[in-house]
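Q: Attaching a predicted model along with its sequence, questions to come.
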Amino acid sequence: MKKSFIALSTIFALLSFSANAGSIAVLDVEKIVKESTAMREIQSKVTKKQDEYQKEVTKKQKDLEAEQKKLESKKTLLAKEAFEKETKKFEDKVDSLKAFVDKKQNSLKKASIDSMSKVNDKIKDIIAEISKEKDIDLIVPTSQTLFYKDEMDISAEVLKRLNKKVTKVDVKFE
């Protein structure tokens, strides 16, 4: 329902706009995100770092599992207070691992968002350039259009320029 409303609103806006203005273009945003070298590089770097973090977390989990078994075997040997003290230390280590995982997940998310934001800024600049060059007054995402002629699609040109302008992306992890 919401998509239909948006599509109809877009159509009405385009119809009223086209009566007063020049040209209109469409842009396949998903294609740009999926096919651009910059976005693929970001995804690759984030995935690589995620794999590194996962190996580190897996090792720490195995260490904690071994420690838990060791602690369980001490249950009958230790006095109640001593066992509770050991259990508290173990629980603190588990909490520490959870905090570590949260920190690393946030680091991945932030690095991805920051890097993509920089690329998105470049995309906006490229769109503005093309708009000026071709005297385009309105650019609409293809996902919000029902029909358009192939000549209206500037996605390939945006992708080509983006791949030419952004050859390397710096992804910073905390």
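A: Received the coordinates, thanks. Numbering: from 1, shown residues only.
Q: For beta bridges, what are the partners of the closest residue to Y148 other than its chain neighbours?
A: Take Y148 and drop its neighbours on the chain: the residue closest to it by C-beta to C-beta, 6 or more residues apart in numbering is V26, 4.8 Å away. All C-beta spots, glycine's among them, are computed from the backbone N, C-alpha and C. Beta-bridge partners recorded for V26 (DSSP bridges): V140, D153.
Q: Which strands or helices does the helix or strand harbouring Q50 pack on?
A: In this structure, Q50 sits in helix 37-74 according to DSSP states H and E. Packing contacts for helix 37-74, counted by 3 or more C-beta pairs under 8 Å, 6 or more residues apart in numbering; DSSP states H and E, involve helix 80-133, helix 155-165.
Q: Figure out which of those helices is closest to T37.
A: With C-beta to C-beta as the measure, helix 155-165 is the member of the helices and strands packed on helix 37-74 nearest T37 (4.8 Å).
Q: What residues of the closest one count as buried?
A: 155, 157-159, 161-162 (16 or more other C-beta atoms under 10 Å).
Q: Quick check: the gap between the residue nearest to Y148 and D137.
A: 13 Å (C-beta to C-beta, to the nearest Å).
Q: Pick out whichever of those two has more residues nearby.
A: More neighbours surround V26 than the other of V26 and D137, with 21 against 13 (other C-beta atoms under 10 Å).
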